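S.K.: Please find the sequence and the predicted model below.
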Amino acid sequence: MNIALQSPFPPYRGGIATFGRYMLEHLQNRNGAGTVNGINFRRLYPPLLFPGSSQYTEPPVFLPGVQDVVHSYNPFSWKHAAVKINALKPDVYVYTHWHPFFCASQLSIIGKLRALHPGIRVAGLLHNVIPHEGFPFQHRLSTALFKQTDIPFVLSSQTQSEYTGLLPDSKPVRLYHPVYEQDLPATSRSTLRDRFGVQPDETALLFFGLIRPYKGLDVLLRALHGIDLHKNKIRLFIAGEFYTKRDPYDELLEASGSERITLIDRFVRDDEAAELMTLCDAMVLPYRSASQSGILSNAINFGLPVIASNLPGLSDQVVHGKTGLLVEAGGVDSLRDALMAIKQPDMLERMRTNTLKLKKQYSWTRFAQLLLDHLNN
């Protein structure tokens, strides 16, 4: 089976591009004599609509054999993109979807591919079905794309429910978000804690990832208002670039006891993320909504217990009391209680052990084989 896998890949940065890189590598390793060709974007977001400092890794990283083909916002290029993809003679075209902005380009490419190759099958790897922030005509655009998809793959119970909400008679294939297989840093945990000013008897919490309203950083900061961070020996690390106005968060930071809160306001490289997840004791995911979370998958890789909102996109991979604590989404008081409860050393150690056991269950090897099995059927 020959597969054309269309996704953001490096040098684009962020979780979707990282997911694409891992998926490409593992499908290539398990697809036997078949080929798996990576189809990248020539242009992803229009600069005026991109809220961050850069769309690209620094320094840029390029994957061998991946072609830059799709210009997401130039309609005159979409026919040519389909011709280039068809030249690879794929049996299956797998597109990656996370936002309705990209539906128009995908619909055009799929239509032309089917005209060139009537027998081609189309699969969609759907990170999001409903976007976290509203977008014009989002349901109409997404429904039109999904109707052209022969094999829809979703990654959580939340996205499965959203998909069947748009197409009630559909049966999407539910997989999961695999655990990123990132190595531990060369520097020891104790040395890292010393470097970042964390004492052995302190509890270090981590909020990680691009800062957007739905991720609930404000809920976390409000929960900290009722805690004496110095007395309770708590430190918080916030690592991620703001994709929203920062001023309201600065006010909350000041009121929360900012001398025990470290803010890293920029895109954090993988090696830096590995250091933070190694030195910290728990991850906090106070999301208001969630499809699933690559950050949660990162936490599992490093054996990092989580405090997460009790939302289907997160609770699929968090067992309350065993690998983390689930709290009411948007609930300041319940989050505050969990922040205090997870400080117990015996709880943290037990959860860390249980979390590390999840790595095999949510492995990339298993994910790639499941995906290939469904594509072959």
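M.R.: Cool, got the structure. Numbers count the residues shown, from 1 in each chain.

S.K.: so His99 makes contact with Ile130?
M.R.: No. Counting by CB atoms under 8 Å, His99 stays clear of Ile130, with 10.1 Å between them. From N, CA and C alone the C-beta is placed, and that goes for glycine too.

S.K.: Quick check: phi and psi on Pro213?
M.R.: Per-residue torsions, Pro213: phi -50, psi -40 (degrees, to the nearest 10).

S.K.: Quick check, it in contact with Thr244.
M.R.: Yes. Contact status for Pro213 versus Thr244: in contact at 5.6 Å, counting by CB under 8 Å.

S.K.: burial count for Leu88?
M.R.: The number of residues packed near Leu88 is 15, by other CB atoms under 10 Å.

S.K.: Tell me which residues touch it, please.
M.R.: Asn2, Ala4, Thr35, Asn37 (CB atoms under 8 Å, 6 or more residues apart in numbering).

S.K.: and what of Arg235?
M.R.: Arg235 makes contact with Gly197, Val198, Glu202, Thr203, Ala204, Leu205, Leu229, Arg260, Ile261, Thr262 under the criterion CB under 8 Å, 6+ apart.

S.K.: Mind checking which of the contacts of Leu88 land in strands?
M.R.: Using DSSP state E, Ala4, Asn37 are the members of these that sit in strands.

S.K.: For PyMOL, write the select line for the buried members of the contacts of Leu88.
M.R.: The PyMOL command for the buried members of the contacts of Leu88 (criterion: 16 or more other CB atoms under 10 Å) is given here:
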select buried, resi 4+35+37
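
S.K.: Farthest pair within the contacts of Leu88?
M.R.: Ala4 and Thr35 (8.9 Å; CB to CB).

S.K.: pLDDT at the residue lying closest to Lys233 once chain neighbours are set aside, what is it?
M.R.: Once flanking residues are discounted, Lys233 sits nearest to Glu202: 4.5 Å by CB to CB, 6 or more residues apart in numbering. For Glu202, the pLDDT comes out at 96.

S.K.: Count the neighbours of Glu202 for me.
M.R.: Based on other CB under 10 Å, the number of other residues close to Glu202 is 16.

S.K.: In contact with it, which residues?
M.R.: With the criterion set at CB under 8 Å, 6+ apart, Glu202 makes contact with Lys233, Ile234, Arg235.

S.K.: these two touch, right, the first one and Pro200?
M.R.: The reference is to Lys233. No. The criterion here is CB under 8 Å, and Lys233 misses it with Pro200 at 10.0 Å.

S.K.: Comparing these two, which residue is more hemmed in?
M.R.: Neighbour count, other CB under 10 Å: between Lys233 and Pro200, Lys233 has more, with 15 against 7.

S.K.: How much space separates Glu202 from Leu5?
M.R.: Distance, Glu202 to Leu5, by CB to CB, to the nearest Å: 44 Å.

S.K.: quick revisit: which one of the contacts of Leu88 sits closest to Val173?
M.R.: Nearest to Val173 among the contacts of Leu88, counting by CB to CB, is Ala4 at 18.7 Å.

S.K.: Work out for me the element the closest residue to the closest one other than its chain neighbours sits within.
M.R.: Computed as CB to CB, 6+ apart, the closest residue to Ala4 that is not its neighbour in sequence is Pro90, at 3.8 Å. Using DSSP states H and E, no element contains Pro90; it sits outside every helix and strand.

S.K.: wait, doesn't Pro90 sit right on Val122?
M.R.: No. If you go by CB under 8 Å, Pro90 and Val122 don't touch, sitting 10.0 Å apart.

S.K.: Which one's more surrounded, those two?
M.R.: More crowded of Pro90 and Val122, by other CB under 10 Å: Pro90, with 24 against 19.

S.K.: how close does the more buried one get to Leu116?
M.R.: Counting by CB to CB, the gap between Pro90 and Leu116 amounts to 11 Å.

S.K.: Please enumerate the strands of the chain.
M.R.: 3-6, 36-43, 67-71, 92-97, 121-126, 151-154, 173-174, 203-208, 234-239, 261-264, 282-285, 306-309, 324-327.

S.K.: Out of these, flag the one nearest His374.
M.R.: strand 173-174 (5.3 Å).

S.K.: Neighbouring strands - and their directions - for that closest one?
M.R.: The pairing partners recorded for strand 173-174 under DSSP bridges are strand 151-154 (parallel).

S.K.: And the contacts of the partner strand?
M.R.: The contact list for strand 151-154 (CB under 8 Å, 6+ apart) reads 121-126, 129, 146, 160, 163, 170, 172-175, 371, 374-375.

S.K.: Report the backbone C-alpha coordinates of it in PDB.
M.R.: Only the C-alpha atoms of strand 151-154 are listed here, as PDB (Å, rounded to 0.1, in the frame of the first residue of the first chain):
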ATOM      1  CA  ILE A 151     -11.800   6.600   6.800                       C
ATOM      2  CA  PRO A 152     -12.000   9.300   9.500                       C
ATOM      3  CA  PHE A 153      -9.600   8.800  12.400                       C
ATOM      4  CA  VAL A 154     -10.200  10.600  15.700                       C
END
